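Q: when you get a sec, could you give me coordinates for this:
(one chain, ligands or ions: 2)
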Amino acid sequence: MTECVLGVDLGTSAVKVSAVDRAGNIIAQEAFDYPLSQPQSGYSEQNPNDWVMSTTVAIVRLILDDHIDPAQITGISYSGQMHGLVLLDQDYHVLRPAILWNDTRTTAEREEIEQTMGDEFVRITGNRPLEGFTLPKLLWVKKHEPELWDKTAVFLTPKDYVRYRMTGKLGIDFSDATGTTLLDIHTNQWSQEICDRFEISDRILPPLVHSDDLVGTVTAEYAEFSGLSQDTKVFGGGADNACGALGAGILRPEVVLSSIGTSGVILKYEDHPTDAYQGQVQMEDHVVNDAYYSMGVTLAAGYSLSWYKKTFCADLTFEQMLNGAAASEIGAHGLLFTPYIVGERTPYADAEVRGSFIGVDATQTRGDFTRSVIEGVTFSFRDLLEIYRQAGAHFKRVVAIGGGAKSPLWLQMQADIFNVPVQKLENEQGPGLGATMIAAVGLGWYPDYQSCADQFVHVDQVYQPIPTNVERYNQIYALYHEVYPQTKDLTHQLQALKADH
Ligand SMILES: Nc1ncnc2c1ncn2[C@@H]1O[C@H](COP(=O)(O)OP(=O)(O)O)[C@@H](O)[C@H]1O
Ligand SMILES: O=C(CO)[C@@H](O)[C@H](O)COP(=O)(O)O
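A: Ligands and ions are numbered 1, 2, ... in the order given. Reported below is the predicted structural model:
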């Protein structure tokens, strides 16, 4: 019987569970999606029980449909969407829907943090305050839902809640703990100073664990529910971007990650927390102990495309829609899209800005609009790469992961817009693979992450930049770069008008 580990990747659109053997072969994968609720503009919530149910369905399918024997599954670990706030009462029941990373209701709380602590906050956490982090969400609940705040016994981030339901053990790993901005990134302790300044009791802070720590085993109750064995060992896991970086073999600084999931990320490995980017990008603990990473985040990357598909191309598959985009041309016949449809995080920390189609022309087709959406998202990634280039970084290659990396058109576009070779991996599910690597190292199958990556991470294809395309995209990027400053005030005013009625 082949031993295997499960990697649970709790994304924003779906959970994907991968079963991988000791040699790093993916033996089966199952996915199950869940809804995203936007009760008001700027709000983004999910029901934590949906995560547990969907994860369980995926595991049951691995056992029943893919014939994985529960006794084969030696270990499990997790990759999770970051920053989301799950509040639990004293019986560890969920108090309200989880407030997600892309929820921007917390501008007042972000400003309060900035005004109260200023540069001291950046010094402690490695991050300037942003709406998406967990701390402003805690402050929002404290202010707007005091009755729930009083009942709060502990908070968790999303994958930690799923792990809790499987093991009965509370905990948060360091890569997700930095994403709360309650952790001192230099000491890896919860920051007493931040807790004191914002009157957050340390009672509600979950215990800290390392990603590859053995947190527990599957409870009898969850074993009965899912079919898993109670002997299965469960390891801490990590933030999805840290796991994505691990699953893409980003274990040194000269290779950069590009992830097109619901969000979009350009991520760089760092040996130590650095202020080289002057707070323009996030700084987080890696899942690898004593390592870090920085990243810039586009809030709506794959989400721009899935919003566009749902709204304008519900009759088409992703492949059909992207075939239409391939039939268009570079620049989409004069159409430019900016992906600020839920506000933006990097390089513009602006929750109020909204996206735009610029240059709409009566001759344009649906294929042009589709193309402009993926070009606009890729230009927003170029903005992120430029932050690194301005800080002196030089990248030999980009490793592409996430749902967007399924598209050859989008992969070539990344190579052309970044002017760097782009590697596609055999499996674009980087975070899920990273989660299996955590379990593999936790179980002692490999002595360290590098030797595990040597076995688990396989390059499928490299997309080289095409010089004529690079030149053409450089011209269009110069115009893209103008759209934010020239439309910011207009979109802010439109948002305000919308809010008034
Ligand atoms: N065939 C495809 N080609 C390009 N993009 C795709 C395709 N299928 C899905 N996507 C994009 O991938 C995104 C989901 O990626 P994924 O990495 O699964 O996200 P998450 O981890 O946030 O759930 C969707 O928002 C969608 O726009
Ligand atoms: O907020 C961030 C990173 O800071 C997001 O990247 C989330 O971690 C969600 O990831 P995906 O669901 O898009 O993978």
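Q: so how far is residue 325 from residue 9?
A: According to C-beta to C-beta, to the nearest Å, residue 9 and residue 325 sit 27 Å apart. Backbone N, C-alpha and C define where each C-beta goes, glycine included.
Q: the more surrounded of those two?
A: Higher neighbour count among residue 9 and residue 325: residue 9, with 32 against 24, using other C-beta atoms under 10 Å.
Q: give me the pLDDT for that one.
A: Per-residue pLDDT puts residue 9 at 98.
Q: tell me the bridge partners for it.
A: Going by DSSP bridges, residue 9 is paired in beta bridges with residue 16, residue 79.
Q: any idea how far it lies from residue 401?
A: Using C-beta to C-beta, we find residue 9 at a distance of 11 Å from residue 401.
Q: again with residue 456
A: Taking C-beta to C-beta as the measure, residue 456 falls 13 Å from residue 401.
Q: looking at the two, which one has more neighbours?
A: Comparing residue 456 with residue 401 by other C-beta under 10 Å, the one with more neighbours is residue 401, at 30 against 24.
Q: does the more buried one touch residue 241 like I think?
A: No: counting by C-beta atoms under 8 Å, residue 401 stays clear of residue 241, with 9.9 Å between them.
Q: list the residues that contact both of the two?
A: The contact sets of residue 401 and residue 241 overlap at 257, 259, 431 (C-beta atoms under 8 Å, 6 or more residues apart in numbering).
Q: which residues touch residue 42?
A: Contacts here follow C-beta under 8 Å, 6+ apart; on that basis residue 42 touches 103, 104, 105, 342, 343, 351.
Q: out of the residues you listed, list just those in helices.
A: The helices, defined by DSSP state H, take in nothing from the contacts of residue 42.
Q: make a markdown table out of the shared contacts of residue 401 and residue 241 and add distance to ligand 2.
A: What follows is the shared contacts of residue 401 and residue 241, written out as a markdown table (distance: C-beta to the nearest ligand atom, whole Å):
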| residue | distance to ligand 2 |
| --- | --- |
| 257 | 11 |
| 259 | 7 |
| 431 | 7 |
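Q: taking those one by one, which sit in strands?
A: Secondary structure from DSSP state E places 257, 259 of these in strands.
Q: of the shared contacts of residue 401 and residue 241 - the most surrounded one?
A: Going by other C-beta under 10 Å, residue 431 tops these with 34 neighbours.
Q: thinking it is in contact with residue 247, fair?
A: Yes: using C-beta under 8 Å, residue 431 makes contact with residue 247 at a distance of 6.0 Å.
Q: quick check: neighbours shared by the two?
A: 79, 401.
Q: tell me the residues of the chain that contact ligand 2?
A: 11-12, 81-83, 101, 132, 240-241, 261-263, 265, 282, 297 (C-beta under 6 Å from any ligand atom).
Q: give me the number of residues near the closest residue to residue 405 other than its chain neighbours?
A: Excluding its sequence neighbours, the residue lying closest to residue 405 (C-beta to C-beta, 6 or more residues apart in numbering) is residue 428, at 4.1 Å. Residue 428 has 24 neighbouring residues, counting by other C-beta under 10 Å.
Q: my read is that residue 428 contacts residue 408, right?
A: No: using C-beta under 8 Å, residue 428 makes no contact with residue 408, being 11.7 Å away.
Q: residue 271: how many residues sit nearby?
A: Other residues near residue 271 come to 11 when the count uses other C-beta under 10 Å.
Q: what residues are up against it?
A: Residues in contact with residue 271, defined by C-beta under 8 Å, 6+ apart, are 253, 291, 292.
Q: okay, and residue 120 sits in which element?
A: Taking DSSP states H and E as the definition, residue 120 sits inside helix 119-125.
Q: next SSE after that helix?
A: Next helix or strand after helix 119-125 toward the C-terminus (DSSP H and E): helix 134-144.
Q: buried ones in that following helix, by neighbour count?
A: Neighbour-count burial for helix 134-144 flags 134, 135, 136, 137, 138, 139, 140, 141, 142 (criterion: 16 or more other C-beta atoms under 10 Å).
Q: and of the residues you listed, the nearest to ligand 2?
A: Within the buried residues of helix 134-144, proximity to ligand 2 (C-beta to the nearest ligand atom) peaks at residue 134, which comes in at 10.3 Å.
Q: can you tell me the closest non-neighbouring residue to the closest residue to ligand 1 within the chain?
A: Residue nearest to ligand 1 within the chain (C-beta to the nearest ligand atom): residue 403, separated by 2.0 Å. By the measure of C-beta to C-beta, 6+ apart, the closest residue to residue 403 outside its immediate chain neighbours is residue 302, 5.1 Å from it.
Q: contacts only, for residue 382.
A: So residue 382 contacts 417, 418, 477, 480 (C-beta under 8 Å, 6+ apart).
Q: looking at the contacts of residue 42, which is nearest residue 123?
A: When these are compared for distance to residue 123 (C-beta to C-beta), residue 351 wins out at 23.8 Å.
Q: so how far is residue 495 from the closest one?
A: According to C-beta to C-beta, residue 351 and residue 495 sit 9 Å apart.
Q: quick check: residues of the protein near ligand 1?
A: Within the chain, the residues that sit near ligand 1 (C-beta under 6 Å from any ligand atom) are 11-14, 261-262, 302-303, 305-306, 318-319, 322, 402-404, 406-407, 410.
Q: mark which of those are buried, thanks.
A: For those, a burial check counting by 16+ other C-beta under 10 Å picks out 11-13, 261-262, 302-303, 305-306, 318, 322, 402-404, 407, 410.
Q: residue 268 pairs with what?
A: Beta-bridge pairing for residue 268 (DSSP bridges): residue 256, residue 294.
Q: meant to ask about residue 239, not that
A: Beta bridges link residue 239 to residue 80, judged by DSSP bridges.
Q: and what of residue 29?
A: Per DSSP bridges, the residues bridged to residue 29 are residue 18.
Q: now residue 424
A: For residue 424, the beta-bridge partners are residue 400, residue 461 (DSSP bridges).
Q: I'd say it and residue 404 touch.
A: No: using C-beta under 8 Å as the test, residue 424 is too far from residue 404 to be in contact (10.9 Å).
Q: and residue 326, what element?
A: Assigned by DSSP H and E, residue 326 falls within helix 318-327.
Q: sorry, back to before: need the shared contacts of residue 401 and residue 241 in a markdown table (columns: pLDDT).
A: Below are these laid out as a markdown table (pLDDT from 0 to 100):
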| residue | pLDDT |
| --- | --- |
| 257 | 97 |
| 259 | 96 |
| 431 | 96 |
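Q: identify the contacts common to residue 9 and residue 401.
A: Here residue 9 and residue 401 have 429, 431 as joint contacts, going by C-beta under 8 Å, 6+ apart.
Q: all set, thanks.
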